[in-house]
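Undergrad: what's the 3D shape of this:
(one chain, ligands or ions: 1)
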Amino acid sequence: MRKKIVAGNWKMNLDYETGLGVFSEIVNMLRDEKQGGQQVVICAPFIHLHSLAKLSAEVLAVGAQNCHAADSGAFTGEISAGMLKSIACEYVILGHSERRQYFQESDSLIFEKTKAALKHNLKPIFCIGETLEERNSGNFFQLLEKQLKDGLFGLDVNEFKQVVIAYEPVWAIGTGLTASPQQAQEVHAFIRQTIATQYGTEVAENSTILYGGSCNAQNAPELFAQSDIDGGLIGGASLKSRDFVNIVKALNH
Ligand code: 13P
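TA: Numbering: from 1, shown residues only. Sure, this is the predicted structure:
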């Protein structure tokens, strides 16, 4: 059975004290209210992670939003996958469109980071998605396929099984414009088919594919009801504990 996941991506929001407060509220609400076996993850800024991992009380997992591809060395300002693992971080978002756009991350660099994460037993949440211009051009399926091939399909099958994929249409991120459930399902089915062609049907059927982009407590139930959508990667709505927990609960219906 595929793992169902709701992951929050706090991006560069919430100072240390505020972040710990929101996280504690989420832990308490989940402890009281969560039903079902869905995995919940909060991907926080680096400085929060050690404390959050200690507070998580096995109710949820903690993830980073980036890592460097090298194990160590003269890379001022960077954090390695091994360092993240050493503070009980379990996941890392890689290839987010904001990293691709603002930090010029290429598919090949994202692949190197994915390899590094897997080497240290971190689970990558690997993001792909098209801009509005690319969607309107009509050949965005080829673009998504290229992101998968160049960023991910160099992995062997056992490595690939550790990866969570997130489809985040760039035009839906932080815009309030959500992909319709039909639009999202169409792309998720395409991603699963592309995985099947590379790694076989069984691997594809067991792959977790998340939707991200203006997902909130109102639209989550219909998105999560689609057969190829296995949960969400949540930006803005993960900054408020009640909203985020309601999205987690939507995955159980
Ligand atoms: P929003 O939910 O704020 O649109 O952000 C989505 C996202 O980028 C999650 O990684």
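Undergrad: the residue nearest to residue 123 when sequence neighbours are not counted and residue 2, how far apart?
TA: Once flanking residues are discounted, residue 123 sits nearest to residue 91: 4.9 Å by CB to CB, 6 or more residues apart in numbering. (Glycine included, C-beta is placed from N, CA and C.) Distance from residue 91 to residue 2, counting by CB to CB, to the nearest Å: 16 Å.
Undergrad: between these two, which one's more packed in?
TA: residue 91 (23 against 12; other CB atoms under 10 Å).
Undergrad: quick one: contacts for the more buried one?
TA: Applying CB atoms under 8 Å, 6 or more residues apart in numbering to residue 91 gives the contacts 7, 41, 43, 61, 62, 63, 64, 122, 123, 124, 125, 164.
Undergrad: just the ones of those residues in strands?
TA: Members of the contacts of residue 91 lying in strands (criterion: DSSP state E): 7, 41, 43, 61, 62, 63, 64, 123, 124, 125, 164.
Undergrad: of those, grab the buried ones for PyMOL.
TA: Entered in PyMOL, the line below selects the buried ones among the ones in strands among the contacts of residue 91, by 16 or more other CB atoms under 10 Å:
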select buried, resi 7+41+43+61+62+63+64+123+124+125+164
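Undergrad: columns pLDDT and distance to residue 115 on top of the ones in strands among the contacts of residue 91, output as CSV?
TA: Listed next are the ones in strands among the contacts of residue 91 as CSV, based on pLDDT from 0 to 100; distance: CB to CB, whole Å:
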residue, pLDDT, distance to residue 115
7, 98, 21
41, 98, 21
43, 98, 19
61, 97, 21
62, 98, 21
63, 98, 17
64, 98, 16
123, 98, 13
124, 98, 9
125, 98, 15
164, 98, 16
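Undergrad: would you map the strands across this protein?
TA: Using DSSP E, strands in the chain cover 5-9, 39-43, 61-64, 91-94, 123-128, 164-167, 209-212, 231-234.
Undergrad: can you lay out those strands as JSON lines showing distance to the ligand?
TA: Below are the strands of the chain laid out as JSON lines (distance: least, CB to the nearest ligand atom, whole Å):
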{"stretch": "strand 5-9", "distance to the ligand": "4"}
{"stretch": "strand 39-43", "distance to the ligand": "8"}
{"stretch": "strand 61-64", "distance to the ligand": "11"}
{"stretch": "strand 91-94", "distance to the ligand": "7"}
{"stretch": "strand 123-128", "distance to the ligand": "7"}
{"stretch": "strand 164-167", "distance to the ligand": "7"}
{"stretch": "strand 209-212", "distance to the ligand": "4"}
{"stretch": "strand 231-234", "distance to the ligand": "5"}
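Undergrad: can you list those in JSON lines and add distance to residue 18?
TA: Converted to JSON lines, those look like this (distance: least, CB to CB, whole Å):
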{"stretch": "strand 5-9", "distance to residue 18": "14"}
{"stretch": "strand 39-43", "distance to residue 18": "13"}
{"stretch": "strand 61-64", "distance to residue 18": "16"}
{"stretch": "strand 91-94", "distance to residue 18": "20"}
{"stretch": "strand 123-128", "distance to residue 18": "23"}
{"stretch": "strand 164-167", "distance to residue 18": "25"}
{"stretch": "strand 209-212", "distance to residue 18": "23"}
{"stretch": "strand 231-234", "distance to residue 18": "17"}
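Undergrad: test my guess that residue 227 contacts residue 182.
TA: No: shown here, residue 227 and residue 182 do not form a contact pair, counting by CB atoms under 8 Å, at 11.8 Å.
Undergrad: pretty sure residue 52 contacts residue 23?
TA: Yes: counting by CB under 8 Å, residue 23 is a contact partner of residue 52 at 5.2 Å.
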